[in-house]
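missing the sequence, but the structure's below:
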Ligand SMILES: [Zn+2]
Ligand SMILES: [Zn+2]
């Protein structure tokens, strides 16, 4: 049935299951049922609802569903409150785009209030789509009571968090070299910068800086940011490096007209510049060596004179001189560095060290200031796909240098350069004021508290996460933006006294105003008098990095400590969180930082990190290229369970990338859901009211239950270690054993009491007729009655065992494939059972059962049974291969199979031999020195084969006529049939096909119901 199942039928069945869960409130019941093991705390990284869920969300969502389902079945209470991420640049950028805004000043023009309200309206645009899609993929979450990071309770907890940090002295303001996005006009954190590195082309230029006291002698300095040259205030050399003075003689050449000039550069960099020096006909004999330290203190003429003449410039006397600096190396360039302290971290450090004048010739929006006469108003690094636009200013600077004899050489370079993670604009290194959270000072605590965290996969712990923690720097938390939580710090304009508010109530008390909203456009209007002087207190204008919201999620979600105080403290930290690999530096990191800062402990104990889902060709999924199937179409076609199983058993749950393959999903359906569906259909065909049981002594029953135990142990271990692929994959193996071995080898046992169409009964007509006679009430023979009873008992055992196995299997599969598990569970459910598979407890391997068995001396040979059966399966595979090589189909009986085996006869051999013989269709299986299938076909065997072929074609005809096994028929054999053989075996054929009559017909074999 399932093999040809219409794909959309799976989806329909899942939708029915979903309706069943909703109607019976099964999710709610899982939260209400008794939880002897207490709370299991799960934190959800909230998504943005500004777009539809993509595969990244679906992978994370599936992981976040599977684990809570498992722990619910383990007797824990696992609340799952949904959350919405609402703040930050992503939503601001969407609104800016919709309004056609290009610059930050457009927002100021519109007014922050109007802009923020627009963000508020827009941020949950797709929430209702999420509310449909998330349950449809089988994820249970309380979306009705979702928290939103833009709501007052959440934002108030964020204030509380900030105040905790502030009061502990972990927050400070500093002016330093940062990365800014000139389009968004805001500073970014180390993590945000790390997100946006891209390979780009740039121009590196070697510039001539003429020494004041030695006209015609130039220091050569190399830079990849020509636009910073107007901001130059110093030159740095390494005091311990050898430099050389290179002489270029006076040339009268027509092409190159030069006065005699001297260039100074690091000796070890000479070779790199030789080609150009050779063009300039440098005098290789006149090389003069100078130590770096001897250059220190020399004055030079800056390439641009916009600032050197400004008498009001502080520290002007220290500018435009050569300084010693250890950070200067000879890896690239000339071993001489151009210093523009407003645009580089090393440069800024030098400024602080030697009190250089501060020159910032570029505005925060990336434009040159008016005093930079030749370039006023131009953007230094505009965002553009076209290199000549993006590099326009650098090229203009270059031209200027050429025109003023300041140019030595240029080269095109390709390097990795940071861009805005949000709007893709090249970032600028820019000295500015920012608020920071101390990370470096807390490093030991941060690392110590990271130690007990369990990571899946394990390598993240010391790898990506561990390395990030080691190298973490102070966290820049202030943003010069609008739609976000604000920094709750008010400061006196006059005396700079500051006050931080940790709750709305405190601010209400101080200001005397009622405060219902903590957003910037509301609280910025709240002004009050300073208590130290007669000044006014205003909020500092900055908002918080949105990761501060995300990191505060454990507190914000519950409005801690304003509500749920005791409850929160009892269950903090979370047992489990999950997200994608990128979050090791983001959400995971910030949650950890804040928990360590506030409570001196970690925020979570177990993490599953997922990888990225790529398109099938290994490229990024792209909406434009449409190189991947829509996730909901996949669900419609194959079902959510198939998608879940596919993802969970893939490397993506081990933080590896997955190239998404629709074929892979299809394979999951065929290998698992389809096969198991067939097993269930088979069970339902023969099932009666036999209850499930595990006590059968039949070797196949015992074996499948031992395999079930193995399965339970493996899946349990996978879940307990948070390795979801290890929890999922064994299911496929078990379904394979159940379907192609257990059910296949047990078919006759199930069919027994109804009618015997079996291959086995054909081999023993006496037994087969005994069975058919057993159905007649006036059966006289005690032997036949005994046989019949034995068969009926065997059937009961098979039914009880299969029902038991399906019941347990449905529970084992419940977290992974919740829909299909429910379907199986309901099909084998007994009246005393729970209402839903998701209300059952996790199955235990039958330790208790085995204990009872052991009292009676059974069970101690379990291991041998497992290995005997695997021996049988290997032997069968081998023998069937030999059959296929000899071109003999399985329906043709053969005499003997010899299986290679050394040493004493294994226990269970008699039973195993019978199973092998049945499967390989040989009269006997024996052990011997080597594996060999006797392929000789005697006339008797050939006749038997013909009868089997015929029986099979009758069964096909019955199937075609859509008859049930119970329908009695009349069989018409075709013209091509060997009439003699058929009539000779008429009795067997009638019994095997539940037919009353065998008659000659025309053409194909045909049946008629009577
Ligand atoms: Zn930006
Ligand atoms: Zn004051």
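Happy to help now that I have it. Note that the coordinates shown come from a computational prediction; the quantities given were computed from them, not determined experimentally. Ligands and ions are numbered 1, 2, ... in the order given.

Just the pLDDT for the residue sitting nearest the centre point of the chain.
In the chain, the residue lying closest to the centroid (C-alpha atoms, centre = their mean) is residue 610, at 2.6 Å. At residue 610, the model reports a pLDDT of 97.

Let me know whether it touches residue 61 as I believe.
No: judged on C-beta atoms under 8 Å, residue 610 makes no contact with residue 61 at a distance of 10.2 Å. Backbone N, C-alpha and C define where each C-beta goes, glycine included.

Ramachandran coordinates for residue 415?
phi -150, psi 170 (degrees, to the nearest 10).

ok, the residue lying closest to it once chain neighbours are set aside - contacts?
Leaving aside its sequence neighbours, residue 415 sits nearest to residue 202 (C-beta to C-beta, 6 or more residues apart in numbering; 6.3 Å). Residues in contact with residue 202 (C-beta atoms under 8 Å, 6 or more residues apart in numbering) are 224, 225, 391, 394, 412, 413, 414, 415, 417.

Can I take it that residue 202 is in a helix?
No: Residue 202 is assigned strand when assessed by DSSP: H, G, I helix; E, B strand; the rest coil, not a helix.

beta partners for it?
residue 413 (DSSP bridges).

before we move on, what about residue 265?
Residues in a beta bridge with residue 265, per DSSP bridges, are residue 244.

Local confidence estimate at it?
pLDDT recorded at residue 265 is 92.

Was I right to think residue 358 contacts residue 339?
No: between residue 358 and residue 339 there is no contact under C-beta under 8 Å: 11.7 Å.

so what sits against both of the two?
Common neighbours of residue 358 and residue 339 (C-beta under 8 Å, 6+ apart) are 233, 351.

the more surrounded of the two?
residue 339 (28 against 18; other C-beta atoms under 10 Å).

you'd agree residue 997 is up against residue 968?
No: judged on C-beta under 8 Å, residue 997 makes no contact with residue 968 at a distance of 9.4 Å.

Surely residue 429 is in a helix?
No: Residue 429 is assigned strand when assessed by three-state DSSP, not a helix.

Make 46 the first number, not 1, from now on.
Yes, from this point I'll number from 46; that puts the last item at residue 474.

Run a quick neighbour tally on it.
Neighbour number of residue 474 under other C-beta under 10 Å is 19.

That one bridge partners, please.
Per DSSP bridges, the residues bridged to residue 474 are residue 224.

what about it, distance to ligand 1?
Here residue 474 is placed at a distance of 15 Å from ligand 1 (C-beta to the ion, to the nearest Å).

And that residue, how far from residue 516?
Distance of residue 474 to residue 516, given as C-beta to C-beta, to the nearest Å: 18 Å.

Repeat that for residue 842.
From residue 842 to residue 516 the distance is 64 Å (C-beta to C-beta).

Looking at these two, which is more packed in?
For residue 842 versus residue 516, neighbours defined as other C-beta under 10 Å are more numerous around residue 842 (20 against 10).

wouldn't that one be in contact with residue 744 here?
No: contact criterion C-beta under 8 Å: residue 842 and residue 744 do not qualify, at 10.9 Å.

quick one: the helices in the stretch 246-395 of the chain?
Along the stretch 246-395 of the chain, the stretches classed as helices by DSSP state H, counting those that start in this stretch are 315-324, 337-340, 390-399.

Could you point out which of those sits nearest ligand 1?
Ligand 1 sits nearest to helix 390-399 of all the helices of the stretch 246-395 of the chain, at 20.2 Å, using C-beta to the ion.

list the contacts for the residue of the stretch 596-745 of the chain found nearest ligand 1?
Residue nearest to ligand 1 within the stretch 596-745 of the chain: residue 631 (16.9 Å; C-beta to the ion). With contact set as C-beta under 8 Å, 6+ apart, residue 631 has these partners: 236, 592, 595.

Can you lay out those residues as CSV showing neighbour count and distance to ligand 1?
As requested, these are arranged in CSV below (neighbours: other C-beta atoms under 10 Å; distance: C-beta to the ion, whole Å):
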residue, neighbour count, distance to ligand 1
236, 20, 15
592, 22, 16
595, 24, 19
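
Skipping adjacent residues, who's closest to residue 85 in space?
Excluding its sequence neighbours, the residue lying closest to residue 85 (C-beta to C-beta, 6+ apart) is residue 121, at 3.7 Å.

got it, and residue 236?
Leaving aside its sequence neighbours, residue 236 sits nearest to residue 630 (C-beta to C-beta, 6+ apart; 4.8 Å).

Could I get the contacting residues of that neighbour?
Per C-beta under 8 Å, 6+ apart, neighbours of residue 630: 236, 239, 240, 509, 513.

can you check residue 59 too?
By C-beta under 8 Å, 6+ apart, the contact set of residue 59 is 181, 183, 684, 685, 686, 864.

Also residue 546?
For residue 546, the contact set (C-beta under 8 Å, 6+ apart) comprises 204, 208, 533, 534, 535, 552, 555.

do the same with residue 1050
995, 998, 999, 1001, 1002, 1016, 1017, 1018, 1019, 1022.

Let me have these in CSV, adding secondary structure as columns.
Shown next, in CSV, are the contacts of residue 1050 (three-state DSSP):
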residue, secondary structure
995, helix
998, helix
999, helix
1001, helix
1002, helix
1016, strand
1017, strand
1018, strand
1019, coil
1022, coil
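
so which of those residues comes closest to ligand 1?
Nearest to ligand 1 among the contacts of residue 1050, with distances taken as C-beta to the ion, is residue 1001, at 68.0 Å.

Could you tell me how many residues sit around residue 201?
Neighbours of residue 201 under the rule other C-beta under 10 Å: 25.

Residue 905 now?
Under the neighbour criterion other C-beta under 10 Å, residue 905 is assigned a count of 10.

tell me which residues in stretch 604-620 are buried?
Buried residues in stretch 604-620, counted by 16 or more other C-beta atoms under 10 Å: 604, 605, 606, 613, 616, 617, 618, 619, 620.

go on, stretch 1013-1033?
1014, 1016, 1017, 1018, 1022, 1026, 1027, 1030, 1033.

Could you verify my assumption that the second one touches residue 1042?
It refers to residue 1016. Yes: with contacts counted by C-beta under 8 Å, residue 1016 reaches residue 1042, the gap being 6.9 Å.

Need the residues touching each of the two.
Common neighbours of residue 1016 and residue 1042, using C-beta under 8 Å, 6+ apart, are residue 1035.

Can you give me the pLDDT of the residue in the stretch 46-195 of the chain positioned nearest to ligand 2?
In the stretch 46-195 of the chain, the residue found nearest to ligand 2 is residue 157; the distance is 25.4 Å by C-beta to the ion. You'll see residue 157 listed with a pLDDT of 97.

Include pLDDT when you put the contacts of residue 630 into TSV, please.
Converted to TSV, the contacts of residue 630 look like this (pLDDT from 0 to 100):
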residue	pLDDT
236	87
239	90
240	87
509	95
513	95
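
Check those and tell me the two furthest apart.
Distance extremes for these: the farthest pair is 240 and 509 at 13.5 Å, using C-beta to C-beta.

Pull the number of nearby residues for the nearest residue to residue 428 once chain neighbours are set aside.
Spatial nearest neighbour of residue 428, chain neighbours left out: residue 470 (4.0 Å); criterion: C-beta to C-beta, 6+ apart. Using other C-beta under 10 Å, residue 470 has 21 neighbouring residues.
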